[in-house]
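Colleague: Build me a model:
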Amino acid sequence: MNSMQNMNYCHLWKQPVLFLVATACLLGSPLDAQVGFVPPNDNARERLFDSDWLFHRGVKEGAESPVCDDKGWRKLDLPHDWSIEDVPPSEDDQAVGPFSRKSPGTFNTGYFMAGTGWYRKHFKLSKKDAGKQASILFDGVFMNSEVWINGHYLGLHPNGYTPFYYDLTPHLRHAGADNVIAVKVVNKGDNSRWYTGSGIYRHVYLNLTKAIHVGQWGVYITTPNVSASEASVTVAVTVHNEEAQSATIRIKNVILSPAGQQVGTAESQAAIEAKSEAAVQQTATVKTPLLWSDKSPSLYKVRTEIWEDGRLMDRTETVFGIRSLEFSPENGFLLNGVPTKLRGGCIHHDNGLLGSATFDRAEERRFASWLKAQASWRPPETEIPRKWRAFTTIKPPRSKGNALPSSVPRAPMARCE
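Modeller: Numbers count the residues shown, from 1 in each chain. Coordinates of the predicted model:
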């Protein structure tokens, strides 16, 4: 799939293109605002965690501490990009709006400022959520982010474009008590030749599951054999067991057609040791499949369920397309056996005057505009399934942050005043 994804970075041509990630057929008219648009997930398992953050622009000693006095911090909702905002006089009293001659990136980054920023969020778990496994998922933070929960250091993620997550479970307080997430972001500024923005510029999610659950990005779907009469759908599921004892589980995968009808199923058992994970692979057959293509982006779903002793432990749904991909010296790229030309264009991730913050409506509008131009565009990895859904099977990068080794000394918490 990497070769397929890399093809999205070709130059703009005048000929019609194949949209590898999404197509004009999905959104229809660019003026149709809601057709094919899927808002960010916000359910009992995966909860949107964007609201009521606190922000401080600049260095702040001790801001990772849960007792830091943040009453004077600015309240905002994510996504957020501070580089597009007016430069504070304390940074440059000669700045004009967000533009400054002191910009480390100078003309390469449009004379926008970068620097250091801190984010904090207070939250409480309900009694209903007590005892669940909790993790926090960041779709994108630019850049060099460090994260703490209740003063406990979770890790460092240098990359500004890839999603990452951390396990919060060991450090959460009891139901009803105040928890504090603290995020430090450092953008040194002189690191690109385009506008990058600064901050938590994509969505954040709080994931709550039972002890036995499907792992983050734990469902991987492929279609190894495809024909007009039938297709093989292989589903690989990674299941985590955080309980203190081993468990025998039943994994059930149900394939649903674009119309929502059950068209295939696979089921098996697996034993998982305590505090470990197991990968289970199943294959089902779909008769007379509706093939995904640029002309007809038909999308199926796999509903994955994990059962233990007759109890439903977890359920997830994954959208995918049934299609075959082939490269040959004689015919080039073939989609479902049909020679298809790959042409497209490049676009940076910012939204103009809105900066790099990935506001859903702005992303949708931009994509619709690109459909007019018939250009291929590769949106952020985790925004692909959340929004337009007409994609070739993509396995997002697996990143659980980059915690510093225990041998690396860390400075004690400073007093936040």
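Colleague: can you map out the strands along the stretch 201-350 of the chain?
Modeller: Taking DSSP state E, counting those that start in this stretch as the criterion, the stretch 201-350 of the chain carries its strands at 204-209, 212-226, 230-241, 247-256, 262-272, 276-287, 300-308, 311-320, 325-328, 332-335, 338-339.
Colleague: possible to save the ones you listed as a markdown table with mean neighbour count, mean pLDDT and distance to residue 359?
Modeller: Quick note: C-beta positions are derived from backbone N, CA and C, even for glycine. As requested, those are exported to a markdown table (neighbours: other C-beta atoms under 10 Å; pLDDT from 0 to 100; distance: least, C-beta to C-beta, whole Å):
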| stretch | mean neighbour count | mean pLDDT | distance to residue 359 |
| --- | --- | --- | --- |
| strand 204-209 | 22 | 96 | 14 |
| strand 212-226 | 19 | 97 | 24 |
| strand 230-241 | 20 | 98 | 32 |
| strand 247-256 | 19 | 98 | 31 |
| strand 262-272 | 15 | 97 | 36 |
| strand 276-287 | 15 | 97 | 35 |
| strand 300-308 | 20 | 98 | 27 |
| strand 311-320 | 16 | 96 | 22 |
| strand 325-328 | 12 | 94 | 33 |
| strand 332-335 | 16 | 95 | 32 |
| strand 338-339 | 13 | 94 | 37 |
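Colleague: Would you tell me which of these gets closest to residue 192?
Modeller: Evaluated over the strands of the stretch 201-350 of the chain, closeness to residue 192 peaks at strand 204-209, with 23.2 Å, by C-beta to C-beta.
Colleague: partner residues bridging residue 180?
Modeller: Beta-bridge partners for residue 180, by DSSP bridges, are residue 122.
Colleague: Save the strands of the stretch 201-350 of the chain as a markdown table, and put in distance to residue 182 too.
Modeller: Putting these into a markdown table (distance: least, C-beta to C-beta, whole Å) gives the following:
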| stretch | distance to residue 182 |
| --- | --- |
| strand 204-209 | 13 |
| strand 212-226 | 21 |
| strand 230-241 | 26 |
| strand 247-256 | 35 |
| strand 262-272 | 34 |
| strand 276-287 | 29 |
| strand 300-308 | 33 |
| strand 311-320 | 29 |
| strand 325-328 | 43 |
| strand 332-335 | 47 |
| strand 338-339 | 52 |
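Colleague: Quick check: which of the ones you listed is nearest to residue 130?
Modeller: Between these, strand 204-209 lies closest to residue 130; by C-beta to C-beta that is 10.3 Å.
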